[in-house]
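Enquirer: Give me a 3D structure for the following:
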Amino acid sequence: MADKKIVLFDLDGTLIDTAPDMYLALSILLDEENEKMVSYDLVRTQVSNGVLGIFSVAFSDNPEIEGDRYERYLDIYESILGQKSKLFDNVSQLLDSLDSRGIDFGVVTNKSSRFTIPLLSQFDLLGRIKTLVCGDEVKNRKPDPEPLFKALDKSENSYNSSNVYYVGDAKKDISSARAADIRSIACTYGYRDANDDPKSWESEFIINNIMKVNEIV
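Expert: Next comes the predicted model:
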């Protein structure tokens, strides 16, 4: 159907507030290594940048070469996955509304499927989404458009690009959407540094509440 619409969502910082789990995993790791604890607020600003972003505010050495530490962090995170995570405000209401309007939705994330699938299952989202692409499924992660193209290819429906929306809380999400020539929605409630202004991302829309998606789509 030419007029069929789909809303694709980033995961961390957009649909699910995973920062508390990621901070807990870091705290356990820091304790194991007898390192000084860092503040939750500081770590939260780095969650969209993945583990290496989190490490950048926690350790003074080069995180790129800390393979053992990186893998240990992932193991810890997996062991506590979902303990403190929660859906952002109004996510359930928005998805129910999209369902009632016959609008498809899916998830495109740089997070590996090892963590994404259990999280989506925990919040009863896995069976509801039309498409899912995780970071380990693609050669090039966001800000490359490849994950978005793959998500559309995996969906059973076809959409005109003007009816495809991507919602994210980071510049790389908006860059990916723009490169894929689909419509971009930046949300301001996610994980970013105070100096990172969403207005500079050049998204088509900016929202401070996910329910605002209903007014756009």
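
Enquirer: Return the helix or strand in the protein with minimum mean pLDDT.
Expert: The weakest-scoring helix or strand in the chain, judged by mean pLDDT, DSSP states H and E, is helix 50-56 (a mean of 91).

Enquirer: other SSEs contacting it?
Expert: Judged by 3 or more CB pairs under 8 Å, 6 or more residues apart in numbering; DSSP states H and E, helix 50-56 is in contact with helix 67-80. C-beta: built from backbone N, CA, C; applies to glycine.

Enquirer: Contacts for the helix it packs on next, please.
Expert: Helix 67-80 is contacted by residues 21-22, 24-26, 28-29, 32-33, 51-52, 54-55, 59, 63, 114-115 when judged by CB atoms under 8 Å, 6 or more residues apart in numbering.

Enquirer: Sort out which of the residues you listed are buried, if you could.
Expert: Listed as buried from these are 21-22, 24-26, 28-29, 51, 54-55, 59, 63, 115; burial here means 16 or more other CB atoms under 10 Å.

Enquirer: Tell me which two of those sit farthest apart.
Expert: Spanning the widest gap among the buried ones among the contacts of helix 67-80 are 59 and 115, at 21.2 Å by CB to CB.

Enquirer: Report the contact partners of residue 153.
Expert: Taking CB under 8 Å, 6+ apart, one finds nothing in contact with residue 153.

Enquirer: Just say helix, strand or coil for it.
Expert: Taken by DSSP: H, G, I helix; E, B strand; the rest coil, the conformation at residue 153 corresponds to helix.

Enquirer: ok, back up a step: ok now the least confident helix or strand of the chain, how far from the chain's centre?
Expert: The chain centroid and the centroid of helix 50-56 are separated by 15 Å under CA atoms, centre = their mean, to the nearest Å.

Enquirer: now do stretch 81-98
Expert: Offset of stretch 81-98 from its chain centre (CA atoms, centre = their mean): 13 Å.

Enquirer: for stretch 176-189, same thing?
Expert: Counting by CA atoms, centre = their mean, stretch 176-189 comes out at 12 Å from the chain centroid.
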